[in-house]
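1. Provided below for reference: sequence and predicted model.
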Amino acid sequence: MATAQNGWTGITSASSPLLHDWHIPCKGGIRTVPLHRGSAGFLLCHFAMWWDEAISPVLGGIYDEWGWNYRFIGNSNTLSNHAPATALDIDATQFPQGRHNLTAKQRSLIQRRMTFFGGTLAHGAFYRTTVDEMHVEINRQLPEVERKARSLVDSERGKRLLAANPGQKKIILS
């Protein structure tokens, strides 16, 4: 089984039991994105809910939030972190790869949010090569991701997210 850049195993089929269509509660409605079930998807969606409140509305305009996609990074032989469904692109048309559209204040807020997640997430705004301001990804292995997710299940955002995704709390806590 091929692994992605972050060490997670790629998911080759849309019918994989490792995938979940996450329903992300946003201002004005729900956005649905296929991501890894359990803790990884939970953390990515928790971040997306924060993004919706602090950076840019997720709903409105076109549907430009992307999750699972079995593909390689550019012209390389390295699987993208989208392949194991451990990466999420938010507001992709507003924040296209290679462009600096976030303000200094927004980048500062995102940096603080990355600190809040304790290294379990990484954001493309801080890439040293090609900036990717739409992109957030899982940056640790499952045990650390599970610990962080468990610490957030009873948070206000966590409760709203899990209410919209029945069955995921059981997976996170198992």
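-> In hand now; what should we look at?
2. and stretch 84-98, what's buried?
-> The neighbour-count check on stretch 84-98 (16 or more other Cβ atoms under 10 Å) flags Pro84, Ala85, Thr86, Ala87, Leu88, Asp89, Ile90, Asp91, Ala92, Gln94, Phe95 as buried. The way it works is simple: take the backbone N, C-alpha and C, and place the C-beta from them, glycine included.
3. again with stretch 101-120
-> Those would be Leu102, Gln106, Arg107, Leu109, Ile110, Arg113, Met114, Phe117, Thr120, for stretch 101-120 by 16+ other Cβ under 10 Å.
4. quick one: which two of the buried residues of stretch 84-98 are the most distant?
-> Pro84 and Gln94 (25.4 Å; Cβ to Cβ).
5. which one among the buried residues of stretch 84-98 gets closest to Ile138?
-> So of those, ranked by how close each gets to Ile138 (Cβ to Cβ), first place is Thr86, at 3.9 Å.
6. which residue packs closest to the closest one, ignoring adjacent ones?
-> Ile138 (3.9 Å; Cβ to Cβ, 6 or more residues apart in numbering).
7. with Gly28 instead?
-> Leu59 (4.9 Å).
8. name the element the residue most central in space within the chain belongs to?
-> Nearest to the centroid of the C-alpha atoms of the chain, with distances taken as Cα atoms, centre = their mean, sits Leu44, at 3.0 Å. Using DSSP states H and E, Leu44 falls within helix 39-54.
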